[in-house]
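S.K.: Let me see the structure of the following:
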Amino acid sequence: MFGVILGIAGGLIAALAAIGIVFIVGMRRKSGLVQGAVIWVSKQFNKVALRTAGQAGGAARVHHRGRTSGRVYETPVDAVATDDGFLIALPYGLRSNWVRNVLASGTASLGFEGRTYAVDRPELVPLRSVETAFSLGNQRMHRLFGVTEVLRLRHAATGEVGLAA
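M.R.: Numbers count the residues shown, from 1 in each chain. Model prediction:
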């Protein structure tokens, strides 16, 4: 009986290790299959993450308008504040709808540490040019998952905050 349990446990550990390897390799190689699956799973957890996103100590919250629907959406992201705005690493590159929405509209708002900021002039920049703005832990994760792009958002010149529904 003990041998059967050890065999099952060993099989589960091997399966989890294989899934982990496929995940890391798929993310590094920008596999559409792996990234699509991760994006789908992320969308399922976004509802939970949005409960605290934008608050002090939590993830940031991007408010953006759909390119074709015109609907206002909210997406939790990991943002880093800079002197002129924010940086958001893009592990999926341009596959995420929120990134394409912000780039298309040229504007958004960002909930960060309990405040909401109007942001504009979105720009894709190479991670290597702004890497030191991220924590050492984030830098390690970026290297592990092959992140190469960052979305730079600048504080908007207007005083307006948020998007009209």
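
S.K.: helices and strands around the helix or strand harbouring residue 19, which ones?
M.R.: Here residue 19 sits within helix 2-28, counting by DSSP states H and E. Applying 3 or more C-beta pairs under 8 Å, 6 or more residues apart in numbering; DSSP states H and E, one finds that helix 2-28 contacts helix 32-49, helix 136-145. The way it works is simple: take the backbone N, C-alpha and C, and place the C-beta from them, glycine included.

S.K.: what is the rounded mean pLDDT of the shortest one?
M.R.: Translated: helix 136-145. The average pLDDT for helix 136-145 rounds to 93.

S.K.: can you point me to the longest strand in this protein?
M.R.: The longest strand of the chain (DSSP state E) is strand 115-126.

S.K.: For the very next helix or strand once past it, buried residues please.
M.R.: Using DSSP H and E, the helix or strand that follows strand 115-126 in sequence is helix 127-130. Neighbour counts over helix 127-130 (16 or more other C-beta atoms under 10 Å) mark residue 127 as buried.

S.K.: Show the low-confidence segments of this structure, by residue range.
M.R.: 1-4, 6, 22-23, 29, 38-39, 158-165 (pLDDT under 70).

S.K.: 80 - rerun?
M.R.: Along the chain, the parts satisfying pLDDT under 80 run over 1-12, 14-52, 158-165.

S.K.: right, and residue 56 touches residue 113 too?
M.R.: Yes - at 5.1 Å, residue 56 and residue 113 qualify as touching, with contact defined as C-beta atoms under 8 Å.

S.K.: quick one, which of these two is more surrounded?
M.R.: residue 113 (13 against 9; other C-beta atoms under 10 Å).

S.K.: doesn't residue 53 make contact with that one?
M.R.: No - taking contacts as C-beta under 8 Å, residue 113 lies outside contact range of residue 53: 11.0 Å.
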